[in-house]
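# got a predicted structure here, sequence first:
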Amino acid sequence: MPFKDHFSTVSDSYAKYRPTYPDELYQFILKHVEDRDHAWDCATGNGQAAVVLANYFNRVTATDASAAQIEKASEHPKVNYQIASAENSGLPENSIDLITVAQAMHWFDFDKFFREVRRVGRVNSKIAVWTYGLVKFDDDSIDSLITNFYEAKVGQYWPPERSFIQEEYRTILFPFDEFEAPEFHVEINHNLDSLINYFSTWSAVKYFIRENGYSPLDELKDKLKEVWGNSETILKSRTPIYLRLGKVH
């Protein structure tokens, strides 16, 4: 399966505006990981998960098939960035204690990736994959505009793999001994510009612009202004994170 590159052209924005993950998520994963020598952060993007893992592991290998993403990734002395696909990491056999995939597994060839996970995983190794849903605010009028934009305005431009996110990763066959996981949340303080900048990283927005020659975000921003108030006003968003965590060997 060829690499589906939806984000290299927005790697700058991706690094700036994609959400970071709560410490509670990492702590839940880590309490199931006995050995902490070597972690593999697969499809690392801007490296945000990799640099957190570096606080807990002797070394982290962070791979991404996109050279543009790797170029923008956060540097850390314990993180080794490599350009590689999820299905062919180049890592040695039996070398990894924890495999993580943040907001990316829906793009993979699942069977090939899981074979690679089994190949590189050590005894007692774990795999943690997670995705996040649609951003929400404590304001129905704002949420309604965002949902309508997501579904009606750019809905047809989402790649088909987006359905796995909508299904909270539950429809992906996860062939590992799985641990029950709670739902986590990302909480972010947004002004209107930061929210629009986040939406600019969506693959559906990118494809809408390519097909129509203009950005749908201008119209969305105008509508949001009517209910947001002062565009510099800070509002807290809350986005659900769905985690699947399993024992590889």
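Thanks, I have it.
# let me know the secondary structure of residue 205.
At residue 205 the chain is in helix, as set by DSSP: H, G, I helix; E, B strand; the rest coil.
# count the neighbours of it for me.
22 (other C-beta atoms under 10 Å). For the C-beta atoms, the positions are set from N, CA and C on the backbone; glycine is no exception.
# got the contact list for it?
154, 157, 199, 215-217 (C-beta atoms under 8 Å, 6 or more residues apart in numbering).
# can you give me the strands for this protein?
Secondary structure of the chain, counting by DSSP state E: strands at 38-42, 59-64, 79-83, 96-102, 121-132, 136-137, 177-179, 184-190, 235-247.
# need the winner for burial among these.
Most buried of the strands of the chain, by mean neighbour count (mean count of other C-beta atoms under 10 Å): strand 38-42, with a mean of 28.
# mean confidence (pLDDT) on that strand, please.
Averaged over strand 38-42, pLDDT sits at 98.
# again with stretch 220-233
Per-residue pLDDT over stretch 220-233 has a mean of 94.
# list the buried ones in it?
By neighbour count with 16 or more other C-beta atoms under 10 Å, stretch 220-233 contains the buried residues 220-221, 223-224, 228.
# would you mind pulling the contact partners of that stretch?
Contacts for stretch 220-233 (C-beta under 8 Å, 6+ apart): 139, 141-142, 145, 149, 153, 191-193, 195-196, 199, 235.
# looking at those, which is nearest residue 100?
residue 199 (25.4 Å; C-beta to C-beta).
# what is the nearest of the contacts of residue 205 to residue 112?
Distances from residue 112 to the contacts of residue 205, taken by C-beta to C-beta, are shortest for residue 157, at 26.8 Å.
# close enough to count as contact, that closest one and residue 209?
No. Checked against C-beta atoms under 8 Å, the pair residue 157 and residue 209 is beyond contact range at 9.2 Å.
# shared neighbours of the two, anything?
The contact sets of residue 157 and residue 209 do not overlap (C-beta under 8 Å, 6+ apart).
# quick one: which of these two has more around it?
Applying other C-beta under 10 Å to residue 157 and residue 209 shows that residue 157 carries more neighbours, namely 19 against 16.
# okay, that one and residue 207: tell me how far apart.
Taking C-beta to C-beta, to the nearest Å as the measure, residue 157 falls 4 Å from residue 207.
# equivalent analysis for residue 214, please.
13 Å.
# looking at the two, which one has more neighbours?
residue 207 (16 against 9).
# for residue 61, give the beta-bridge partners.
Beta-bridge partners for residue 61, by DSSP bridges, are residue 40, residue 80.
# go ahead and confirm it touches residue 42.
No. Counting by C-beta under 8 Å, residue 42 is not a contact partner of residue 61; they are 9.0 Å apart.
# which parts of this protein are helices?
Along the chain, counting by DSSP state H, helices occupy 11-17, 23-30, 48-53, 67-72, 110-120, 140-148, 162-166, 192-199, 203-212, 217-228.
# worst average pLDDT in those?
Minimum mean pLDDT among those: helix 11-17, a mean of 57.
# just to revisit the earlier point, mind putting the contacts of residue 205 into TSV with distance to residue 22?
Compiled in TSV, these are given as follows (distance: C-beta to C-beta, whole Å):
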residue	distance to residue 22
154	27
157	29
199	21
215	31
216	30
217	27
